[in-house]
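1. Structure of the sequence below:
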Amino acid sequence: MRSRRLGKHAKHKKLKIGLRIGIIICILFVLSWPFIEPYTLSVDTLALENTGIPEGMRPLRIVYLSDIHTASWPFYTQSRIPSLVKKINSLNPDLVLLGGDYAQDPESCEAFFRALPSIHANYGIYAVLGEKDRYPEDSTDEKDPTEALSRLRAAMVAKGVTPLINDVVSIRLADSTVVQVAGVDDYLNGQSTLEEVALKCQRENFVIFMSHNPSVLSSIQSAQGGANTRNWYDLGLFGHTLGGQIAPLRSLLGLTSDVPEAYTHGTLVEGRATNIISNGIGTEKVPLRLFCQPQLHVITVRYPR
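-> So this is what the prediction gives:
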């Protein structure tokens, strides 16, 4: 029997069908991507060289993450936390720093920490609070802000997490080197005392500053560190904005930002400081992300080569 060969018309028709199928697949992928992107995770690495780190000491590895926003499905569910912690531990961090907004309100935030699996870090785990984690001090709600904060602190400490609410800790590394980690209360719902925190930071140390809300950057350089010095910190870590989350659609959906556009996302160098504004881990208001992948940051600090 002779084999049948497709004529030019049949081949062209087959090609058109294949092209249409390809276009449909692309359209479906584009439409579904905002629902898929929240389930991805980018591990962003940054190397910082600083003379505050001893020349002979191995690089200091810092893992930073913010804005988990745990909630019921379809948001970031508590069932996803163990795999996130497993990822953090696999990075062998010296310091783990947490940037706030762990759940949806102080009660769910407390529950988040009570259920949190063990995080391992050579020099400890330190955290600031976001507006979701705090009742405003002037709240007219029946909830007692002081009592809620006390319970949250206890839940954090029980899991080996040190809350930094207008506080500074000094961590002694090799060769008597000191790294200071400073954190302020939430910019919106807390009582941030930036100037007092800055005064506790010494210029000769490597200083890490954390604030959940990057709006503080507009006034941070006016604060003075120890010995009345400006440019008082080396690394700034911020969250809150979720990197815009669905920036191309925010106006369409009526989602406005309370943060200046310059401080929405990315890495900014201002004076002595490198400032990282994270895209965060979870989502807020809508379970979508668009061109704004969830981020976990690994910052390696070493003596200049």
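2. What distance separates the opening and closing residues of stretch 209-217?
-> End-to-end span of stretch 209-217 (C-alpha to C-alpha, to the nearest Å): 11 Å.
3. whoops, stretch 133-153 was the one
-> First-to-last distance for stretch 133-153 - C-alpha to C-alpha - comes to 11 Å.
4. ditto for stretch 148-166
-> This stretch, stretch 148-166, spans 17 Å end to end (C-alpha to C-alpha).
5. wait, doesn't Gly282 sit right on Gln78?
-> No: taking C-beta atoms under 8 Å as the contact criterion, Gly282 and Gln78 are not neighbours in contact, 11.2 Å apart. In this view, the C-beta of every residue, glycine as well, is placed from N, C-alpha and C.
6. The most centrally placed residue in the chain and His297, how far apart?
-> What sits nearest the mean C-alpha location of the chain, by C-alpha atoms, centre = their mean, is Ser66, with 2.7 Å. Separation of Ser66 from His297 (C-beta to C-beta, to the nearest Å): 9 Å.
7. which neighbours do the two share?
-> With contacts defined as C-beta atoms under 8 Å, 6 or more residues apart in numbering, the residues shared by Ser66 and His297 are 237, 278.
8. Could you check which of Gly282 and Gln78 has the larger neighbour count?
-> A count of neighbours by other C-beta atoms under 10 Å puts Gly282 above the other of Gly282 and Gln78, at 25 against 16.
9. Quick one: residues contacting the more buried one.
-> Applying C-beta under 8 Å, 6+ apart, we find Gly282 in contact with 38, 67-71, 75-76, 242, 294.
10. could you redo the last one with a cut-off of 10 Å?
-> Listed by C-beta atoms under 10 Å, 6 or more residues apart in numbering, the contact partners of Gly282 are 38, 66-71, 75-77, 80, 84, 101-104, 242, 245, 289, 294.
11. Kindly report the same for Asn92.
-> 61, 63, 120-122, 298.
12. Which ones among the contacts of Gly282 lie within helices?
-> Taking DSSP state H, the ones among the contacts of Gly282 that sit in helices are Leu84.
13. Buried subset of the contacts of Gly282 as a PyMOL selection?
-> In PyMOL, selecting the buried portion of these, with burial taken from 16 or more other C-beta atoms under 10 Å, looks like this:
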select buried, resi 38+66+67+68+69+70+71+75+76+84+101+102+103+104+242+245+289+294
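14. Strands of the chain, start to end?
-> Counting by DSSP state E, the chain has these strands, from start to end: 42-49, 60-65, 95-98, 125-127, 161-163, 167-172, 178-183, 206-210, 235-238, 266-270, 273-277, 295-302.
15. Would you give the sheet partners of the second one, along with the direction of each?
-> Here strand 60-65 is paired, per DSSP bridges, with strand 95-98 (parallel), strand 295-302 (antiparallel).
16. Check the gap between the residue nearest to Leu268 when sequence neighbours are not counted and Gly282 for me.
-> Spatial nearest neighbour of Leu268, chain neighbours left out: Asn275 (4.5 Å); criterion: C-beta to C-beta, 6 or more residues apart in numbering. As judged by C-beta to C-beta, Asn275 and Gly282 stand 22 Å apart.
17. Now for Gly282 and Gln78: what residues contact both?
-> Residues touching both Gly282 and Gln78 (C-beta under 10 Å, 6+ apart): 68, 70-71, 103.
18. Of those, which is the nearest to Glu147?
-> In terms of C-beta to C-beta, no member of the shared contacts of Gly282 and Gln78 lies closer to Glu147 than Ala103, at 17.5 Å.
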